[in-house]
Structures are given as C-alpha cells and as structure tokens.
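Visitor: just coords:
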C-alpha cells in the first residue's frame, strides 16, 4: 500500500512544479499541526505546496483517484485544528499562492488564499481603501483560512465578518473541477447562494484558490475609550447597555488575567487590580465620535466603572489595541492554551462569564476570558501546564463544559474560529440531529467520496439514518 | 386522478384550521400570479393559507406523500415569477403568518414570513431601531419573499442586502420536518452556512416560516442631493467617480422616461428635459454629511451635471425618494412592464446603459432605466402594450438581449429580484454548466422529489450528465 502510494505520488509530482511535493518526514513535521497544536495529529504521506489553481486540481484529482484525504492548509494559525494532518492524507498547503491585486474602480481585491490578512489590508490601503475583517492574528493568518472559517475580529461589531466581504471565489471541487462562484458584482441573486455556502466550510466542500473581496473607503481615525471595572459582570452589563442603543466600531473585553498578561509584556500602566477592562472605539466623524464615546463613558460609569480614559490620539488608541491583541501570545508564555470561542446572545454574557468562572473553579484550572463583547463572542482560554497530565485532563473537561454552558445559554460552540477537529464532537449537541443530518447531506452532495478534510466540522462517517 | 386528489385534499383540510384550504377556482385566481403577471401561470388544485409552522408542515407532508408541487407565496409582489402557480400544484400562501416581535436587548426582530417589510421597519422603529433592507416595494412586499429572493433596495449601497440581516430561521424541509438554522447570535460558524444557503433559494429548498432579523440603531436624518445630467453616461461616469472614494447611503439613477413618469404623477417640478437624474444621500452626522454631499456635488459637476440641488430637510429629501419609488407604478400606467434586474461591475455601467438604449432602438420598444446605480444594479423596464402581439414579441426579444448584454459585461442576470420562472432559461448561460450542475446537486440533496417550487431558479428536470 505504502509503496503503491509512493509510485502514484511520483506521478503526481511529475505534474507539479519542482519541489512542490514534500515527503521527507522532518520537513513534513512543520505541516502536521496548526496553532491548536493537536497532540493527535496524524502523519501525512505528503505535503504539497501548490502554486496555482491547476496545481490544486492535480492534487485533488490524485486524491479522488486514490481515495486519499486532503487537508487544505493556509498559514496554520487556526485554533480549532481545521488543518490538522491525517494519517495517510495529503496536506495541501496554499502558502505559496499569495498574489493580491486591487481594482480601485470596482473596490475589489482579488486575492490568492495564502496571502495574509494584513497584506490584503496593506494592498487596499495603497488605494485609500480598507478590508475590514481583522482577526487578532491578522498579521499571520491567511485569507484562505479566514474565508474557510468565516473569520471575525475586532471591528466586526460594526463592520461584519468575512462572509460579508466575499463577492466571489474560484474553488476546486472534490472531483478536481475548478469553478468560479460569484464575481465582481455587489448584488447577485442568480442561482443558489453557493459563494456563501463555501465561506465557513473549512475545506470540507472544496479548496478555495482565489477570492474576490469587497473593499470599502478607509476607516476614519477612531476615538478610543478604556473603562475599568471592579467585576466582570459590571463590564458585561455595561456592554449590554451600550449595544442596546449604539454601534461602536470596537467593543472588546479583557478580564484581570488578560490585563495582567498584557501588562507583563507591555508595562504600559494598565490597572492590574481591575477585574475587567472594556476597550471601545468610535470611528464616526470627530464631533460625533466624541459624543458617542462620552455617552458610552456615561453608561460605563452607571455600571460602576472604576476608571474611564478616552483619547482621540490615533497612536495612543492603537497602543491599547496592541494590549488587546497581545493578550493571547502573552498568555502562551504562561502555559499551553485551549482556545475557546463560544458566543451567546448579548443579554446572556453575564451568565456566561459567571458560569465560566465556576467551571474554572470546579475543575481547578485557570480560564482567562477575552471577548469581542459587542458580538457576544468570547474567547475563554484554558491555561495549562502540558506536562501535568492530571491538570491536562481537567482542562479538557472544562473545555467541554464551557461549550455545554454556551449551548444552555442559547449560544454557539464557535463564533469565528471554526469547528475544526477539536469541536466536531460537540457539533451535534449544538445543531441537533436534524440540522446535523442536513450538514451531512450537503457534504455528501459535494464530496461523495469524503476526501476533503474528513473529520473536520463533521464526523468522517455520517450517522446512519 | 382529480377525484383522488380531492379525497386526499379533504384529508389535508381536516388537519388545518377552518377555511385554510381554498379550492374554488374564482377565489384561487388571485393566487395564480405574482407581480410578474406571467401569462403562462398554471391552475393549482388548491391554495392553502397557513397560519403556523405546523400548517406548513402538514401541507409539505401532503405534497411529499402525493408528489404534489408546492409554490410558496408571500405577498405576491415578486417580479420574476417565483410565485407563479403550477398546474396541479398547491399554492402555499404565508399571508396569514404576520407576527412580529422585537427584542431591543438583542436588537433582533423575530418575524413570520407574511409580515410586510414596512411592518418590520415600523416595529423596529418603536424601539429606536432600524431594519435597513428597503426594496422599492417595501410597503407591500413580505419579509418571507425578501428572504427568499435575498432582496435589496435603495440603502443597500451602504447597508447591504437581506442576507446580511438574517441571523436565523425556521424552515420546513421537503420531507415536512421543521428545523431551526442559526439564531440570536451575531457570530456563529458552527456547521455549514445553511442559513445563508436558504436565503435567496426562492422556495426551492424549503419553506421559511420564521426569521430572526438583525436590527441596527435608527438611521440619522440624511442629507439629500439631486443632480441632473444631459446624458445617461454623464450620470454613470459620475457614479463611478463617487463610488471609487465614497460610500453614500443612497445612490440611485433615473432616466428621462422615469423622471417624466414620476413628474406626471407628482408635479413636483423635476426637469423633464434632463436625460438622467442621480439621487444621492449621506446619513453621516450633519457636518460630515454636508462635507460628503458637497464633494459628491463637485464630482457631479465635473461630469457635466446641468443642475445640482441639495437639502438637509428630511421631508424635502423624502419627497425625492417618493419620486424614485413611484417611478415603476407610474410607468405601469403607460403599459405592461417587463421588469429587468441586471447588474454589472460599476465601471461597466456606462456600457450597460448605452447597450440597453441600442437594444430598445433595434427592437423598436421603449426601455426605461431606473437603477440602484451605486451597486451597479439596474432595472431596465420594457414598456409594452399587451394587446399588441408583434410588440409583445419584440419586447421579449429585448428582455433576453438585455440579459445577454449583462452577461457579456461580466454582469448578472438578476441582482435582487430573483431568477423565478422568467429568468430560469438564462441561468445556465450565466452560471455555466459546472456551476449550474452544482446548483442542481444541492437541490437534489435537499428536495430529491423536486416538489418545492419546481421550475423556479432551476429547470424542473435537471440536465442529464
């Protein structure tokens, strides 16, 4: 079997550019896991670094002919294990496909999947334009991964998520055909919404090899408010009060652990004693932004804020956002992280953060909380010492309990990271059997052999009916 | 066969509220056509006016058991024949399902499909909230139809289309099961994007019985600019200049025929000699709106505007919008209309309007043009005398040629009205065989019997492979 594969792999390599196929196990090691660092990652038979749609087609045709699983991979920054390698599969890396072209007349960026989010933003900015979606990892996550997971970020509370900016794509289907969905048309209802279906499909329905992204005029310099609170629920109550009537361009929450982790790194004078911090921005025109931020400050004070500080200085505002963005990497210095991504209707945020604290205490594990609070989307981070087996087991129990809690609060098990392999066991609890079966029906219709990222989002073997 | 149906229909009627099932042909007549007024509309065996999800399930279960086609119907305002009755089918009217409830804490409206768009807007406004999508027909089109067609409107140029506001739905599947997709969570990537797939599916994948719509804070009073031009291409060139750098909250175009039709009705002093009028709004804060409108006025003047007039008076601005909205009903007084809905990338707008004029001249038919110009989405309206058979034939030739033209300009055959029955023959030309086949595969996976609105969007008999 192995030698048969080697023979056919050579046939595949002959169709691809020199050096595209990697089979050396040392070199493949870097492609076995994404940022979720799944200890159960498999060993692939090859890593293929595609340079074009045609390369991707060759790989998928090979996979279809041989029944080989294909794991598409962007920058490997995923947090749910959506790019975890499978034993006997091919890791199809899109890292070499990085072209970006911006058409300012249509305000559209045509982007290959390996380009980083930050590179798209930079290319747009050269034309006075802006690509809004901004995952915290924007400097090192790929657009292909963003589209595959329908990634969110900090500005989404006002500007929406990735799917809101995807106008079209080229996608290689499970039989190796390449098709173009959508295109440079702002409104288009001709046929079923296939573009939207492929966004968020995590490589399970096809391999995206090019996307057309809608750009908008550059954002105005925002005004920034930082508010500190003596309890998490004071902060989440303030969030609810703000979102009832206003639409700030950012509304983030950090708990005491995250504040301290950021302060450890940055020494910028954040209040280490505060239990929660809200980071709020308004990007309305200056007068309007000042009015909006003042109103939000008043709401924070009504909810017992211990301190509020606002600034219309761009650099000073950006420094607070750095504190927000750096929190996760700062925490990674304290241990391994299990990245949660649960979301709830905003009125349930207080119940969620209270319940998470209880789960942490009950299981004797540290759970930090950082949140896109204005979207109700939280990132509880279970911090663990990977060498402590007992703690590791407790951390995984807590990880599952957080998802169970979110479901009990009418929430979702993943707001923006994707289901990947790590959350797949919980998807049925969240969706229920009928909707889970609908998901399988779509998967079956588009990938009847089950070769595209099997085990991601959906179990590789569908439930029998 | 007919008597067999009558027996089973009686069984169905026994499951439904008194009077839900109509079989009287006089009373059914009002349910045979939508606003597209398809002369080839069929004769249904029954019209069922559902009052609940359970009623819809009973109808769909009956249809599945008997192989009866079901045509879901909202307010009957569709312009592509998506609710045209089929011989031997059931028209499933949702007109009685009109509940609306607004939760200001989550900023979500839960709405039954028969409620009118305007009613949702009004219910939201009671809480200081706003449901943006605004088809010209908003006073008499249903939310169910809006979701089924992914309807657009005038404010979409800044605020997006219906799909951007649909967070969740209850949908009755082809086997009669009711499922809930999505829900009151702003971000949710758990599972495939099924909510988005059902939006725009025109009743071919399921029957939507409830939707959860995202609301936003009330819009500010906009500032309005009206600009008149000596040629259509002056106006479309101005549109391109505006959209390169700005994002007004409305950017509409009317040609000379539409200006005159509105003026016939309203006598408000519009310049009957102008070849084109742009209607532009900015809803930024007052100072910023004044700056934006002044910049747009300058661009209009650079493109030979003969007159520009701006106002920050809300009533005066609203009067111009009435002129825009009334144009279609004014034209309907001049004859029957074939409603086009083609869209192109904005740099091709000039080629599109020029080409449409040529098509009108060549076929000796009047084609008026009204457009959501900022989205590149135009509504060429072929005006015809329904008693003139020869003109009728020429009008249909022109109708098809406009779609062919749009396709040749990288455009779409429908931007917001839907494919319906009328545009179905062109869908394959637009999508190409591979993407058309993908559409059929999804349809087959979710409605294997083909009972849900057969012949709408896709041909009832899929192409053989």
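Guide: Received it, and whenever you're ready, just let me know what you need. Predicted, not measured: the structure shown is a model, and the values here were computed from it.

Visitor: quick check: residues of the stretch 301-450 of chain A near chain B?
Guide: A:343-347, A:372, A:375-377, A:410-419, A:423, A:427, A:430-432, A:434-436, A:438-439, A:441-446 (C-beta under 8 Å from any C-beta of the partner chain). For the C-beta atoms, the positions are set from N, CA and C on the backbone; glycine is no exception.

Visitor: now the buried members of the residues you listed.
Guide: Buried subset of those (neighbour count, 16 or more other C-beta atoms under 10 Å in any protein chain shown): A:343-347, A:372, A:375-377, A:411-419, A:423, A:427, A:430-431, A:435-436, A:438-439, A:441-443, A:445-446.

Visitor: in strands, which of the residues you listed appear?
Guide: Counting by DSSP state E, those place A:372, A:377 in strands.

Visitor: just give the nearest non-adjacent residue to residue A:450, would you?
Guide: Distances taken as C-beta to C-beta, 6 or more residues apart in numbering or on different chains place residue A:460 nearest to residue A:450, at 6.3 Å, with adjacent residues excluded.

Visitor: so that neighbour: helix, strand or coil?
Guide: Counting by DSSP: H, G, I helix; E, B strand; the rest coil, the backbone at residue A:460 sits in coil.

Visitor: burial count for residue A:216?
Guide: 15 (other C-beta atoms under 10 Å in any protein chain shown).

Visitor: what's near enough to touch it?
Guide: Taking C-beta atoms under 8 Å, 6 or more residues apart in numbering or on different chains, we find residue A:216 in contact with A:107, A:129-130, A:132, A:159, B:247.

Visitor: bridge partners for it, pull those for me.
Guide: Residue A:216 has these beta-bridge partners by DSSP bridges: residue A:130.

Visitor: distance of it from residue A:334?
Guide: Using C-beta to C-beta, to the nearest Å, one gets 38 Å for the distance from residue A:216 to residue A:334.

Visitor: over to residue A:421?
Guide: Distance from residue A:421 to residue A:334, by C-beta to C-beta: 25 Å.

Visitor: ranges for the helices of the stretch 101-250 of chain A?
Guide: Ranges of helices within the stretch 101-250 of chain A are A:117-125, A:143-149, A:156-159, A:194-198, A:232-245, based on DSSP state H, counting those that start in this stretch.

Visitor: so what's the residue nearest the centre of chain A closest to, chain neighbours aside?
Guide: Centroid check for chain A by C-alpha atoms, centre = their mean gives residue A:417 as the closest residue, at 3.4 Å. Spatial nearest neighbour of residue A:417, excluding adjacent residues (C-beta to C-beta, 6+ apart): residue A:341 at 4.1 Å.

Visitor: pretty sure that neighbour contacts residue A:414?
Guide: Yes. In this structure, residue A:341 is within contact of residue A:414 by C-beta atoms under 8 Å, at 4.7 Å.

Visitor: helix, strand or coil for residue A:48?
Guide: strand.

Visitor: hang on, isn't it packed against residue A:16?
Guide: Yes. The criterion here is C-beta under 8 Å, and residue A:48 meets it with residue A:16 at 6.8 Å.

Visitor: more neighbours, the two?
Guide: Between residue A:48 and residue A:16, residue A:48 has the larger neighbour count (other C-beta under 10 Å), namely 28 against 19.

Visitor: where does the residue nearest to residue A:417 land on pLDDT?
Guide: We have a pLDDT of 97 for residue A:341.

Visitor: for the stretch 1-150 of chain A, which segments are assigned as strands?
Guide: All strands of the stretch 1-150 of chain A, identified by DSSP state E, counting those that start in this stretch, fall at A:21-22, A:46-49, A:70-73, A:90-93, A:100-103, A:108-111, A:129-130.

Visitor: residues near residue A:49, how many?
Guide: Residues near residue A:49, counting by other C-beta under 10 Å: 21.

Visitor: hmm, who's touching the longest helix seen in chain A?
Guide: Using DSSP state H to define each element, chain A has its longest helix at helix A:424-446. For helix A:424-446, the external contacting residues (C-beta under 8 Å, 6+ apart) are A:173-174, A:197, A:204-206, A:400, A:403-404, A:407, A:412-413, A:419, A:450, A:455-459, A:462-463, A:465, B:173, B:177, B:179-181, B:190-192, B:194, B:197, B:438, B:441-442, B:444-446.

Visitor: now with 6 Å, please.
Guide: With C-beta atoms under 6 Å, 6 or more residues apart in numbering or on different chains as the test, helix A:424-446 has contacts from A:205, A:403, A:407, A:413, A:419, A:458, A:462, B:177, B:179, B:190-192, B:441, B:445.

Visitor: looking at chain A, which helix or strand is least sure?
Guide: When each helix and strand of chain A is scored by mean pLDDT, DSSP states H and E, helix A:2-15 comes last, with a mean of 80.

Visitor: do you know the pLDDT at residue A:461?
Guide: You'll see residue A:461 listed with a pLDDT of 77.

Visitor: and it, how many neighbours does it have?
Guide: 10.

Visitor: distance of it relative to residue B:383?
Guide: 59 Å.

Visitor: for residue A:397, report the pLDDT, please.
Guide: pLDDT, residue A:397: 96.

Visitor: burial count for it?
Guide: When neighbours are defined as other C-beta under 10 Å, residue A:397 has 15 of them.

Visitor: tell me the helices and strands packed up against the host helix or strand of it.
Guide: Residue A:397 is part of helix A:389-408, with elements assigned from DSSP states H and E. When contacts are defined as 3 or more C-beta pairs under 6 Å, 6 or more residues apart in numbering or on different chains; DSSP states H and E, helix A:389-408 packs onto helix A:349-363, strand A:377-384.

Visitor: name the residues of the last one that come out as buried.
Guide: By 16+ other C-beta under 10 Å, the buried positions in strand A:377-384 come out as A:377-384.

Visitor: as a markdown table, those with pLDDT would be great.
Guide: Shown next, in a markdown table, are the buried residues of strand A:377-384 (pLDDT from 0 to 100):
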| residue | pLDDT |
| --- | --- |
| A:377 | 97 |
| A:378 | 98 |
| A:379 | 97 |
| A:380 | 97 |
| A:381 | 96 |
| A:382 | 95 |
| A:383 | 93 |
| A:384 | 90 |
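
Visitor: which ones are touching the spatially closest residue to residue A:76 that is not a sequence neighbour?
Guide: With C-beta to C-beta, 6+ apart as the criterion, residue A:76 has its nearest non-adjacent residue at 4.6 Å, and that residue is residue A:34. With contact set as C-beta under 6 Å, 6+ apart, residue A:34 has these partners: A:76, A:78, A:83.

Visitor: mind doing that once more with 8 Å?
Guide: Contacts of residue A:34 by C-beta under 8 Å, 6+ apart are A:73, A:76-79, A:81-84.

Visitor: so which of the residues you listed comes closest to chain B?
Guide: Closest to chain B out of the contacts of residue A:34 is residue A:82 (10.6 Å), distances taken as C-beta to the nearest C-beta.

Visitor: to what extent is the closest residue to that closest one other than its chain neighbours buried, counted in neighbours?
Guide: Distances taken as C-beta to C-beta, 6+ apart put residue A:420 closest to residue A:82, at 3.9 Å, once the chain neighbours are dropped. Using other C-beta under 10 Å, residue A:420 is surrounded by 26 other residues.

Visitor: now swap in residue A:287 and tell me
Guide: Residue A:287: 12 neighbours (other C-beta under 10 Å).

Visitor: what's the answer for the one 10 residues further on, then?
Guide: Residue A:297 has 18 neighbours, counted by other C-beta under 10 Å.

Visitor: so it sits against residue A:311, correct?
Guide: No. Residue A:297 is beyond contact range of residue A:311, at 11.8 Å (criterion: C-beta under 8 Å).

Visitor: circling back: return the member of the buried residues of strand A:377-384 nearest to residue A:368.
Guide: Residue A:368 lies nearest to residue A:381 out of the buried residues of strand A:377-384, by C-beta to C-beta, at 4.5 Å.

Visitor: ok, the residue nearest to the centre of chain A - contacts?
Guide: By C-beta under 8 Å, 6+ apart, the residues touching residue A:417 are A:78-80, A:149, A:151, A:339, A:341, B:189.
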